[in-house]
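Engineer: Give me a model of this one.
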Amino acid sequence: MNRNDLLAEGVEQSRTLLARFYPGFSDANHTTQAPGLPNHLAWCLGHLALTMHRVAGMLDGGPIPPDAFLEGADRGDARRFGVESVSFASAPTDDPTRYPGFARCVEVFDAATARLASALRSASPDALDQPVTWGKTTSTPGAMAFRMVFHNGVHCGQITDLRRALKMGTVLA
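Structural biologist: Numbering: from 1, shown residues only. The predicted structure follows:
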């Protein structure tokens with residue numbers, strides 16, 4: 001397996017892992033927040049999708065997809081996330097009208113995963129190693145791909161904690 005495929009496979013496997021924790025979520029509870037926990041499922045999926053699209057854009061030059069995100073918006077709608085509502089340091093709300101429905105959240109997340117994996121597979125070695133600005137730091141798209149796998153895992157842990165707090169039961173048995 002070459003470097004590109006290894007990076008893409010890591011991103012795809014993080015999607016597979018996270019999807020194990022979807023059972024029990026629906027339109028009725030995907031924006032439910034539990035006391036003491038930072039994020040709900042809809043926010044996590046939108047945040048992760050936005051972040052992966054930003055990394056994919058470093059490689060494929062494409063924008064954040066307007067059919068999935070409303071640029072500059074602090075609330076979404078039935079089909080799109082508001083970029084500012086799922087950006088770093090945003091505050092999730094339990095108002096389901098501000099986020100897409102559960103199935104659409106999953107669809108947007110899956111599309112972002114597919115886009116990033118495809119961009120990684122298609123990238124030249126030079127593109128993977130090109131310095132890029134990420135927040136207040138400098139990185140490379142290749143290193144950012146590793147970071148996305150870890151980032152997805154961090155939020156998967158939050159979803160696991162949320163499931164426990166909502167008494168949804170285990171999915172690992």
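
Engineer: And the helices in the chain?
Structural biologist: In the chain, the helices defined using DSSP state H lie at 3-19, 41-60, 83-86, 102-122, 125-129, 141-165.

Engineer: what residue ranges in this structure score low on pLDDT?
Structural biologist: 173 (pLDDT under 70).

Engineer: Distance check, the spatially most central residue of the chain against Leu18.
Structural biologist: With distances taken as CA atoms, centre = their mean, the residue of the chain nearest its centroid is Leu48 (1.6 Å). Separation of Leu48 from Leu18 (CB to CB, to the nearest Å) stands at 8 Å. No exception for glycine: its C-beta is placed from N, CA and C like everyone else's.

Engineer: quick one: terminal-to-terminal distance for stretch 128-144?
Structural biologist: Counting by CA to CA, to the nearest Å, the length from the leading to the trailing residue of stretch 128-144 is 9 Å.

Engineer: Likewise for stretch 125-141?
Structural biologist: Stretch 125-141 has an end-to-end distance of 10 Å (CA to CA).

Engineer: one step back: does the residue nearest to the centre of the chain touch Phe109 like I think?
Structural biologist: Yes: using CB atoms under 8 Å, Leu48 is in contact with Phe109, at 6.0 Å.

Engineer: overlap in contacts of the two?
Structural biologist: Taking CB atoms under 8 Å, 6 or more residues apart in numbering as the contact rule, Leu48 and Phe109 both touch Leu18.

Engineer: ok, Tyr99 - contacts?
Structural biologist: Taking CB under 8 Å, 6+ apart, we find Tyr99 in contact with His30, Thr31, Ala42, Trp43, Gly46, Gly76, Phe81, Ser85, Cys105.

Engineer: cool, Gly76 as well?
Structural biologist: Contacts of Gly76 were listed using CB under 8 Å, 6+ apart, and they are Gly46, Phe69, Leu70, Gly82, Ser85, Val86, Arg98, Tyr99, Pro100.

Engineer: try 10 Å
Structural biologist: Going by CB atoms under 10 Å, 6 or more residues apart in numbering, Gly76 touches 42, 46, 68-70, 82-86, 97-100, 104-105, 108.

Engineer: Give the buried subset of these as a ChimeraX selection command.
Structural biologist: Remark: buried members of the contacts of Gly76, expressed as a ChimeraX selection using 16 or more other CB atoms under 10 Å:
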select :42,46,68,69,70,82,83,84,85,86,98,99,100,104,105,108
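
Engineer: With Cys44 as the reference, measure out to Gly62.
Structural biologist: For Gly62, the distance to Cys44 - CB to CB - is 23 Å.

Engineer: more crowded one of those two?
Structural biologist: Remark: of Gly62 and Cys44, Cys44 carries more neighbours, 25 against 12, as counted by other CB atoms under 10 Å.

Engineer: Noted, bye for now.
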